[in-house]
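A.B. asks: I need the structure of the sequence given here:
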Amino acid sequence: MQTKPAFLLSCCFALGLLSCNNQNESQSTETKKDSMQTTTTSATIKEEPVTYSANGTTLKGYVAYDEKKTGKRPIILVVPEWWGMTDYPRMRAKMLADLGYFAMAVDMYGDGKIAADPKEAQAAATPFYSNPQMGKERLDAALAKAKTFAQADTSQAVAIGYCFGGSMVLNYAKMGAPVLGVVSFHGGLQTVPPQKGTKAQFLICHGGADSFVPQDQVDAFKKSMDSAGVAYTFKVYPGATHAFTNPAATEKGKQFNMPISYNAAADTASWNDMKAFFAKILH
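C.D. replies: Model prediction:
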């Protein structure tokens, strides 16, 4: 996206309307239902806000881990949609903690900012596409903070991201970040070229009916990865539109007359694919 500013602005606005629900508002009935169905977090999950910084910007993240689990566990960074530090990344972090990982929801904007509307979200997200290094610095700071916890296995880290966050984790790994792998859920694919010798592994979870990431972008992404000899797995979920993991996508689609919807089957399948991916690259 950063290579095409005009496309970025129009795409970002569309993504704001479509893919990323402002989880700061009251949960809809659909969201509550989904949370009951997909979140299996036990009472032993420790949730803790964390404050750290990057180049003078105060960042307010969130960590989750099973406090009764013994030993160290791999670090999973969770990069949110362009709405910022809403309840959604925290919910995913708790789900990851319930799987036995040390999870951290990452504050990309600073001060735990949550965008109030698409215009504000666009203004917050756009600099990260034009300056990928800034995104890397924010993720480096989050990873450094996660490594200060006694429960974290500092030798094993991965990152996952949604929408805007998907693009950010792809960039992060392509720029040589110290992660074993990344997972992008319905993320944008117009990202930086991979560095030669990139060792991180990639899982891309893409909706087969995602009109905001068309086939030519998919083809260009694959060609770039293949040319650099980078290992990746590209999963396509038939019939899934953009934002297919977001329980509020259907409601948002109706509200703005846009072609998006939550896809429970694709959400479940992509989460299971992520777990299988982690089983291969982590120990």
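A.B. asks: Pull out the buried positions in stretch 239-252.
C.D. replies: Neighbour counts over stretch 239-252 (16 or more other C-beta atoms under 10 Å) mark 240-252 as buried. C-beta coordinates here come from the backbone N, C-alpha and C atoms, glycine included.
A.B. asks: pLDDT for those - can I get that in TSV?
C.D. replies: Shown next, in TSV, are the buried residues of stretch 239-252 (pLDDT from 0 to 100):
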residue	pLDDT
A240	96
T241	93
H242	88
A243	85
F244	92
T245	94
N246	84
P247	90
A248	79
A249	75
T250	81
E251	77
K252	65
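A.B. asks: Pull up the per-residue confidence for the residue most central in space within the chain.
C.D. replies: Nearest to the mean C-alpha position of the chain, by C-alpha atoms, centre = their mean, lies G161 at 1.0 Å. G161 is assigned 98 on the pLDDT scale.
A.B. asks: Can you report how many residues neighbour the residue nearest to it when sequence neighbours are not counted?
C.D. replies: Among residues not flanking G161 along the chain, V79 sits closest, at 3.6 Å (C-beta to C-beta, 6 or more residues apart in numbering). By other C-beta atoms under 10 Å, 30 other residues sit near V79.
A.B. asks: isn't V79 right next to R92, touching?
C.D. replies: No: using C-beta atoms under 8 Å as the test, V79 is too far from R92 to be in contact (10.0 Å).
A.B. asks: Which residues are in contact with each of these two?
C.D. replies: 160, 162 (C-beta atoms under 8 Å, 6 or more residues apart in numbering).
A.B. asks: Can you tell me how far P178 is from K196?
C.D. replies: Here the criterion is C-beta to C-beta, to the nearest Å. By it, P178 lies 17 Å from K196.
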